[in-house]
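# just to be clear, the model below is a prediction. Sequence and coordinates:
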Amino acid sequence: MAPIARHPLELGPIIPVEGIPSALRKRREELARGCADPNAMRVCTMNLVAFCHDDDKCKETHEVLTAMVLEHPGRLFLVHAHREAPKSEFEARVAVDGTPMGTGIAPTYSELIDLKATGTDVEYLPALLTSLLESDQPAVSWWATPPTFGPNWHKMARVCDRMVVDSAQLDPWDLMRLVEYVKREANGASHEERAALGDLNWARIKPFTALTARFFDSPEVRERFSSIDRIIVRHTPAQGSGTAIGPAMLGAWVRDRLHKAAKLAHVKVSPRVELVRSPRADLGAGQVAELVLHGDGAKPIELAVVRPENADMLVAEPRQGVAGMQSQRQRLQTSSRSWLLAQELQITARDPLFESAYLGAIELLREARQ
């Protein structure tokens with residue numbers, strides 16, 4: 001895989017927070033002179049705030065932000081919040097991307113603001129971030145490490161358009177916090193928390209949903225909807241306090257999609273979703289290895305989307321009952337957090353498909369525990 005960082009955003013020395021605007025302007029003008037660019041105009045398509053509470057993961061988060069400037073030039077933030085620190089203080093550093101996109105093309109001058117808050121000063125982060133956001137562009141908060149769902153979460157939810165998490169990192173208690181968040185949004189209680197929810201784990205299973213959707217486009221499959229009685233999702237076991245929320249979301253989405261497709265075909269279906277642990281040394285914890293749509297009866301049918309071992313691809317294959325359908329392949333990039341985040345940044349509002357799959361997944365996990 002190619003290196004993530006193509007336009008390095010090298011942070012400068014520590015500066016006071018009130019000096020951030022002037023430091024950005026000075027750095028942008030320096031880069032413009034180096035590129036013989038008399039205008040030094042910025043191109044800003046969004047605000048992206050990354051919260052990282054684990055210093056060991058901040059370097060990787062910085063690299064992901066660096067990759068974002070290619071498709072989403074704008075104002076980026078890397079926020080380190082350490083409320084438990086004994087000393088309360090703010091530190092800031094800035095960087096500007098002045099790399100031309102090509103010969104004779106002026107840079108876009110994306111900006112990165114690195115903020116470190118400790119002690120009680122953590123409480124002032126939302127106000128500071130709000131003052132620095134470009135007000136005419138969408139704002140996204142990405143929780144690169146699991147959120148604490150404290151005051152900063154709730155305040156940023158009122159300021160931003162989207163809040164992006166990775167449900168694969170969350171324990172059951174935090175997953176239930178997201179259930180309440182999604183339900184409030186679905187019920188229109190946006191006066192309290194208006195930001196829509198995004199999930200890197202949803203982006204992680206999108207290649208599976210894309211290939212599965214092609215099955216439903218086949219006339220041969222549409223004639224056999226009523227035969228499908230099982231949706232089997234094989235996945236690697238979760239680790240620690242993690243859950244199989246990703247595989248469960250895939251199972252819930254396929255079940256909902258099958259119900260809708262069957263309704264259009266004027267047939268009834270009642271498939272059950274089975275979450276099956278399947279150890280794979282080449283996959284991370286809680287990842288999908290195989291999806292199978294299976295039906296018995298007079299005319300058995302079996303369709304599968306499989307991730308072959310040690311391969312960054314998916315294969316959709318008709319195994320039984322659909323003789324005229326050809327196998328299809330799709331490349332995977334889901335091991336890259338920059339790719340996953342880019343998928344979520346393409347959405348600026350609520351994602352009803354994700355919300356429905358997430359709530360359905362929680363019910364499946366509850367049933368699996370009983």
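Sure thing, it's come through.
# domains in this protein, by residue range?
For the chain, automatic domain parsing gives the domain ranges 17-160, 202-369.
# mean confidence for the last one?
Model confidence over domain 202-369, given as mean pLDDT, is 91.
# what of stretch 60-68?
Regarding stretch 60-68, the rounded mean pLDDT is 91.
# which residues sit against that stretch?
Applying C-beta atoms under 8 Å, 6 or more residues apart in numbering, the external contacts of stretch 60-68 come out as 4-9, 48, 50, 52, 76, 78, 97, 112, 144, 337-338, 341-342, 345. Yep, even glycine has a C-beta here, placed from its N, CA and C like the rest.
# mind doing that once more with 10 Å?
By C-beta atoms under 10 Å, 6 or more residues apart in numbering, the residues outside stretch 60-68 that reach it are 2-11, 46, 48, 50-52, 54, 72, 74, 76-80, 95, 97, 110, 112, 114, 142, 144-145, 336-342, 345.
# tally of neighbours for Leu125?
Using other C-beta atoms under 10 Å as the criterion, Leu125 is surrounded by 22 other residues.
# what's the helix or strand for it?
For Leu125, the element it lies in under DSSP states H and E is helix 125-132.
# how about that helix: buried residues?
By 16 or more other C-beta atoms under 10 Å, the buried positions in helix 125-132 come out as 125-126, 128-129, 132.
# swap in stretch 102-118?
106-118.
# now for those residues, which pair is the farthest apart?
Greatest spatial distance among these (C-beta to C-beta): Ala106 and Thr118, at 38.4 Å.
# any idea how far the closest residue to Pro237 other than its chain neighbours is from Gly102?
Leaving aside its chain neighbours, Pro237 sits nearest to Arg277 (4.9 Å; criterion: C-beta to C-beta, 6 or more residues apart in numbering). Distance, Arg277 to Gly102, using C-beta to C-beta, to the nearest Å: 49 Å.
# name the nearest residue to Trp202, ignoring sequence neighbours.
Trp202's closest residue in space is Phe354 (C-beta to C-beta, 6+ apart), at 4.8 Å.
# from the chain's centroid, how far away is the strand or helix carrying the one you found?
Assigned by DSSP H and E, Phe354 belongs to helix 352-369. Helix 352-369 sits 17 Å away from the centroid of its parent chain (C-alpha atoms, centre = their mean, to the nearest Å).
# show me what it is packed up against.
With contacts taken as 3 or more C-beta pairs under 10 Å, 6 or more residues apart in numbering; DSSP states H and E, helix 352-369 sits against helix 172-186, strand 196-199, helix 200-216, helix 245-264, strand 272-277.
# buried residues, the third one. List them.
In this case it means helix 200-216. Neighbour counts over helix 200-216 (16+ other C-beta under 10 Å) mark 200-205, 207-209, 211-212, 215-216 as buried.
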